[in-house]
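[1] Just to be clear, the model below is a prediction. Sequence and coordinates:
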2 protein chains.
Amino acid sequence: MLFKNISYLDEYGNIQSNGYVRVENRNITYVGKDAPVQQQEEVFDGYGKLLMPGFVNSHSHTPMTLMRGYGEGMVLSKWLNECIFPFEARLLQEDIYHATLLGIAEMMRFGIVSTTDMYYFIPKMTSAFISAGMKASLSHTIVGTFGGDFTRCPACIDSKKAFLNYNGSGDDLIRIDIGIHAEYTTDEKAVWGAVNLAKDLKTGIHLHLSETKEEVEGCKSRRKGLTPVQYFNRLGVFDVPVVAAHGVWLEGEDYDILANHQVTIASCPKSNLKLASGVLDYGKLRKAGIRVAIGTDSVASNNNLNMLEEIKFFSLLQKNRLGDPTEIKPMEVLDLAIGNGFAAQRRTDSGNIAVGKRADLIVVDMSGPHWQPEHQILNHLIYSSVGSDVVLTMIDGQIVYNNGEYLTIDMEQVLFEVKASKSRILDELRK
Amino acid sequence: MLFKNISYLDEYGNIQSNGYVRVENRNITYVGKDAPVQQQEEVFDGYGKLLMPGFVNSHSHTPMTLMRGYGEGMVLSKWLNECIFPFEARLLQEDIYHATLLGIAEMMRFGIVSTTDMYYFIPKMTSAFISAGMKASLSHTIVGTFGGDFTRCPACIDSKKAFLNYNGSGDDLIRIDIGIHAEYTTDEKAVWGAVNLAKDLKTGIHLHLSETKEEVEGCKSRRKGLTPVQYFNRLGVFDVPVVAAHGVWLEGEDYDILANHQVTIASCPKSNLKLASGVLDYGKLRKAGIRVAIGTDSVASNNNLNMLEEIKFFSLLQKNRLGDPTEIKPMEVLDLAIGNGFAAQRRTDSGNIAVGKRADLIVVDMSGPHWQPEHQILNHLIYSSVGSDVVLTMIDGQIVYNNGEYLTIDMEQVLFEVKASKSRILDELRK
């Protein structure tokens, strides 16, 4: 496939206009201002459009699409205990497949090509991601306390099975990490088990970290004054590659620990606002040299998977928090949402428009009135765009979303099945 | 025109499904769950769609579309002095007409039916709004200091002319207010002149108020310790209906003054973040009984006119600022963005879907994956939607935007002219 006459974001962060980008099989094979030698291929005329690398969602719980807007506007603990947990307890294998596909469709529609996801039912989730042709680093959530040998922890066994069965599957679309829910929902032995598993399997860990002030205060009182970062550090969690969601409430030596261990903080600005958890102190993380990426969290606390919107929230919130309107240049936040996301997934072959890289690309339509007139395209992308300006999403060279059409997902069936699942579960809950 | 089989937001803030809403001439003439008596008319099948009142943008500078993204990422004073002011100094009458139409197109595309706007070149702006069929309360900006009789202030003369020539024009699409730029850009005599003008003409005032901390501190040192609110109050500004943009930095008796005078604070959350000005203390304003509405500010500090996005920012920011995820119910923020906006414009005949009201309506498409599954429509509208879900905008019974088409604006010409204006001005600035 040849994108011609298109503006594209080059590997140095500059916009090149009227360019050519060729994709063959899974890879980018030509990038340039001059037309390449002609060959038999599909041609995409990119007039008025921008070609750029797709986004990485660095923290998601994809199947929770089923709970979008469910029990909205309640206090967190009441919402979790009276709505989310009872709903989740009734989820069946067959619910997960289509709920995952719905989330995948939404991510593709908003230009996400890969997601770092923590949930349950990994076999069904894997099937959905492979069937739809989307990249994911999945982790089964280890949650709860148990006193015995970690090899007998059921969640650890499931995590190991998931890794052995699915890591690298779907022609490497799928990677499997180990998921630790959080400090406040696991005991030392569970964490220890997870760490040993990750080390044995040579994979990474995905967890929730210092999301709320209460969590950090609670941890200190539970764990002899240690913050969640210090506690996890003592248990060796950061000896493996870690994606830690949130990191809103860091303090003291937390910064050094995270920086020294090259932990990625997946910031979820909309979810943090919606649950009134606070705003990431990005300035401090940046100064400490901590890698930051961007995630949506689940749609139950967002409530969408719209990365351009997430980026806009991140940028505007941080300008205000840093007290400086010149802060957060467009390429800085794009690096968080693309390059840092891929780096955290240890996918070094994507995230740039350059020959030899994987064709994980999106096309953004710049023809809307909100893009006019054109002064600086990247500023418009961050501050003027809406998520639906993404009109095409390609993953590993395969077009998966094109102008309203989902080419790898039967949306009619997905919507039917998701509605049926939702109705069945709500009926059960009413009984 | 008959909207049939459509979900609609009724006048009590409830969603009614599968309803009928009839529009004849400028007004809503039928609302109900049963089909009305048939008659010859256009029929809109509303399956999967939501009909609701259109939004009011309570603070804009529409022609500044020309400067969208221009000089982005600079310190405020440098940006104003080196980019915006020199650019504005080169604006000609003919630039304004098409720049205004571009802003109008964008507002219509994002469901705005009326705007409260402060700028210059009111005759050209009026022509654009009337030609496009959009409602606006326009004010010519009084800015600068002058020592003499206020009747000789050129901006006051222009403001008076604008009122006499255009107030109520376009079959009442246009209302004219008096615009005072701000405390820090005018002297007492200019303010005094503006107040007298507003009183004489029995109209309202639109101004910028307590946007930044520096503005308030500066005012106190300039005005014997008075805050901008106290200063304007002493000059009688609040004796007439006032829409005051921002209000981020209020203190002490400011709250009582604003509440007692029924001043409307037009909050512009994205602009306030982008310029690092802060976050409105909505909780305090609400407690004091101050009317709050929502505005976009200009695209030079936003950078779009997307009200669903503005509402989302407002809601999420305030949940976090209030420290309570149960805060800001959907109807609360919709009241700010619709009812309070119309009230501030003294347009009492719009803002509800009820018989006899003006047909200022929008249709929102709920078929996207980000709207699925359906739990509570209003939650999805606030938290899950994207601005482009607005697929139809009707003002005074006239469809002005329908699924990508601008029915009252020649977009091709507008884009051509805006590009030409931008290029000419940038060329002049380079000389």
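    Nice, I can see it. Numbers count the residues shown, from 1 in each chain, chains lettered A, B, ... in the order given.
[2] tell me the pLDDT at residue A:146?
    Residue A:146 is assigned a predicted lDDT (pLDDT) of 66.
[3] The residue of the stretch 101-250 of chain A found nearest chain B: how many residues sit nearby?
    Residue nearest to chain B within the stretch 101-250 of chain A: residue A:106 (4.1 Å; Cβ to the nearest Cβ). Placement of C-beta: from N, CA and C, glycine included. By other Cβ atoms under 10 Å in any protein chain shown, 25 other residues sit near residue A:106.
[4] quick one: it and residue A:304 touch, right?
    Yes - Residue A:106 sits in contact with residue A:304 when judged by Cβ atoms under 8 Å, with a separation of 6.9 Å.
[5] what touches both of these two?
    Common neighbours of residue A:106 and residue A:304, using Cβ atoms under 8 Å, 6 or more residues apart in numbering or on different chains, are residue B:370.
[6] hmm, back to that, wait, a strand at the residue of the stretch 101-250 of chain A closest to chain B?
    No - looking at residue A:106 with DSSP: H, G, I helix; E, B strand; the rest coil, it is helix, so not inside a strand.
[7] who's in contact with it?
    Applying Cβ under 8 Å, 6+ apart, the residues contacting residue A:106 are A:65, A:299, A:304, A:305, B:368, B:369, B:370.
[8] Which of these has the largest number of neighbours?
    Counting by other Cβ under 10 Å, top hit in these: residue A:305 with 34 neighbours.
[9] That one in helix, strand or coil?
    coil.
[10] how close does it sit to residue A:230?
    According to Cβ to Cβ, to the nearest Å, residue A:305 and residue A:230 sit 33 Å apart.
[11] who touches the residue nearest to residue A:107 when sequence neighbours are not counted in this structure?
    Nearest non-adjacent residue to residue A:107, counting by Cβ to Cβ, 6 or more residues apart in numbering or on different chains: residue A:305, 4.9 Å away. Neighbour list for residue A:305: A:57, A:60, A:103, A:106, A:107, A:110, A:112, A:296, A:299, B:370 [criterion: Cβ under 8 Å, 6+ apart].
[12] So residue A:279, which state does it fall into?
    Residue A:279 is classified as coil under three-state DSSP.
[13] Identify the residue of the stretch 151-300 of chain A closest to chain B, quick one.
    Closest point on the stretch 151-300 of chain A to chain B, by Cβ to the nearest Cβ, is residue A:273, at 3.9 Å.
[14] is it true that that residue lies in a helix?
    Yes - assignment of residue A:273 by three-state DSSP places it within a helix.
[15] can you tell me which residues contact it?
    Contacts of residue A:273 (Cβ under 8 Å, 6+ apart): A:279, A:313, A:317, B:316, B:317, B:319, B:320.
[16] Counting only helices, which of those make the cut?
    A:313, A:317, B:316, B:317, B:319, B:320 (DSSP state H).
[17] Check these against residue B:189 and report the nearest one.
    Among those, residue B:317 lies closest to residue B:189 (Cβ to Cβ), at 37.7 Å.
[18] what about the closest one, how many neighbours?
    By the measure other Cβ under 10 Å, the count of residues near residue B:317 is 25.
[19] Now do the contacts for it.
    Residue B:317 is in contact with A:273, B:269, B:273, B:279, B:280, counting by Cβ under 8 Å, 6+ apart.
[20] cutoff 6 Å now
    Contacts for residue B:317 were tallied using Cβ atoms under 6 Å, 6 or more residues apart in numbering or on different chains; they are B:269, B:279.
[21] now do residue A:239
    Per Cβ under 6 Å, 6+ apart, neighbours of residue A:239: none.
[22] switch the cut-off to 8 Å
    A:195, A:199, A:261.
[23] Going by neighbour count, which of those residues comes out on top?
    That'd be residue A:195 among the contacts of residue A:239, by other Cβ under 10 Å, with 21 neighbours.
[24] My read is that that residue contacts residue A:204, right?
    No - look at residue A:195 against residue A:204 with Cβ under 8 Å: they stay out of range, at 11.1 Å.
[25] Residues that sit against both of these two, list them.
    residue A:240.
[26] quick check, nearest of the ones in helices among the contacts of residue A:273 to residue A:426?
    residue B:319 (25.4 Å).
[27] quick one: the closest one from chain A, how far?
    From residue B:319 over to chain A the distance is 5 Å, taken as Cβ to the nearest Cβ, to the nearest Å.
[28] correct me, but that residue touches residue A:276?
    Yes - contact criterion Cβ under 8 Å: residue B:319 and residue A:276 qualify, at 5.2 Å.
[29] Any chance you could list residues touching both of the two?
    Counting by Cβ under 8 Å, 6+ apart, the residues touching both residue B:319 and residue A:276 are B:325, B:327.
[30] Let's have the contacts of residue A:106 in CSV, adding distance to residue B:218, pLDDT and secondary structure.
    Below are the contacts of residue A:106 laid out as CSV (distance: Cβ to Cβ, whole Å; pLDDT from 0 to 100; DSSP: H, G, I helix; E, B strand; the rest coil):
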residue, distance to residue B:218, pLDDT, secondary structure
A:65, 50, 96, helix
A:299, 44, 95, helix
A:304, 41, 97, coil
A:305, 44, 98, coil
B:368, 46, 95, coil
B:369, 49, 96, helix
B:370, 44, 97, helix
